[in-house]
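Peer 1: got a structure for you, letters missing:
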């Protein structure tokens, strides 16, 4: 069974840092692009970041320069290092796989269960 | 950015009803359009990709159509387990990959 399990969420003060992890299983991890998508009550689903099979990385404008995505194929894991966190980063963060292999035209499947990040003093 | 606009934002329907949700892209995305649904407290789940291809394991009462800028998700006969929020997402080769604001299907 293809599965993604996130961890690392929690409560952090504005300006603080947090590192999210996503452990993958059930597929050949190194063959797929991986993404982080977040969900807030007010703004719905928002794509955050992606890392390709060659470790090429992409970010949304809202997190560029503050967040860093990385992967460790030997551990079947993808990470999201979040620095300079703001109240607006409060959200459930989902790890998801691009189930296609046709370049950067992602279809997100499956999704992890999500991890909640709350940025508040 | 490509803007994805869904309508309606919410709808009320009964079991057995035919339900249609539309999604409009702000520019031509050919058929690079995916549909998901999300139940309370759960992660989104892929229903349809490439505008009209049913994901494996998804019931055949779900169908998708459209190309260019206008797309439709249809549920031919609504079942109790279909009450959820539905999202469209463009997968065109243009970042960021954006989602519609969601359509809540309620009883």
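Peer 2: Done, it's in. Computed from a predicted structure; not experimentally measured.

Peer 1: Which residues of chain B lie near chain A?
Peer 2: B:32, B:34, B:36, B:42-46, B:49-50, B:55, B:87, B:89, B:91-93, B:95-102 (Cβ under 8 Å from any Cβ of the partner chain). For every residue, glycine as well, the C-beta is placed using N, CA and C.

Peer 1: and with 6 Å instead?
Peer 2: For chain B, the contact set with chain A under Cβ under 6 Å from any Cβ of the partner chain comprises B:32, B:34, B:43-44, B:46, B:49, B:87, B:91, B:93, B:95-97, B:99, B:101-102.

Peer 1: Quick check: the farthest pair among those residues?
Peer 2: For the residues of chain B next to chain A, with distances taken as Cβ to Cβ, the pair at the greatest spread is B:43 and B:93 (24.9 Å).

Peer 1: between these two, which one's more packed in?
Peer 2: residue B:43 (21 against 13; other Cβ atoms under 10 Å in any protein chain shown).

Peer 1: Identify the residues contacting the closest residue to that one other than its chain neighbours.
Peer 2: Nearest residue to residue B:43, sequence neighbours excluded (Cβ to Cβ, 6 or more residues apart in numbering or on different chains): residue A:111, at 3.8 Å. Applying Cβ atoms under 6 Å, 6 or more residues apart in numbering or on different chains, we find residue A:111 in contact with A:94, A:96, B:43-44.

Peer 1: Dead centre of chain B: give me the residue that sits there.
Peer 2: residue B:35 (3.7 Å; Cα atoms, centre = their mean).

Peer 1: Name every strand pairing with the helix or strand where that one lies and say which way it goes.
Peer 2: Residue B:35 belongs to strand B:33-38 when elements are defined using DSSP states H and E. Take DSSP bridges as the rule and strand B:33-38 pairs in its sheet with strand B:45-49 (antiparallel), strand B:85-90 (antiparallel).

Peer 1: Highest average neighbour count across these: which stretch is it?
Peer 2: strand B:85-90 (a mean of 25; mean count of other Cβ atoms under 10 Å in any protein chain shown).

Peer 1: So residue A:34 sits against residue A:78, correct?
Peer 2: Yes. Taking contacts as Cβ atoms under 6 Å, residue A:34 lies within contact range of residue A:78: 4.4 Å.

Peer 1: Between the two, which has more neighbouring residues?
Peer 2: residue A:78 (29 against 24).

Peer 1: Next, work out how far apart that one and residue A:108 are.
Peer 2: 13 Å (Cβ to Cβ, to the nearest Å).

Peer 1: Same check on residue A:86?
Peer 2: In terms of Cβ to Cβ, residue A:86 sits 25 Å off from residue A:108.

Peer 1: Name the residues of chain A found near chain B, please.
Peer 2: Contact residues (Cβ under 6 Å from any Cβ) of chain A with chain B: A:44-45, A:47, A:58, A:60, A:94, A:104-107, A:109, A:111, A:113-114.

Peer 1: and which of those is nearest to residue B:27?
Peer 2: residue A:105 (14.9 Å).

Peer 1: Give me the nearest residue to the closest one, chain neighbours excluded.
Peer 2: Nearest to residue A:105 is residue B:91, by Cβ to Cβ, 6+ apart, at 4.5 Å.
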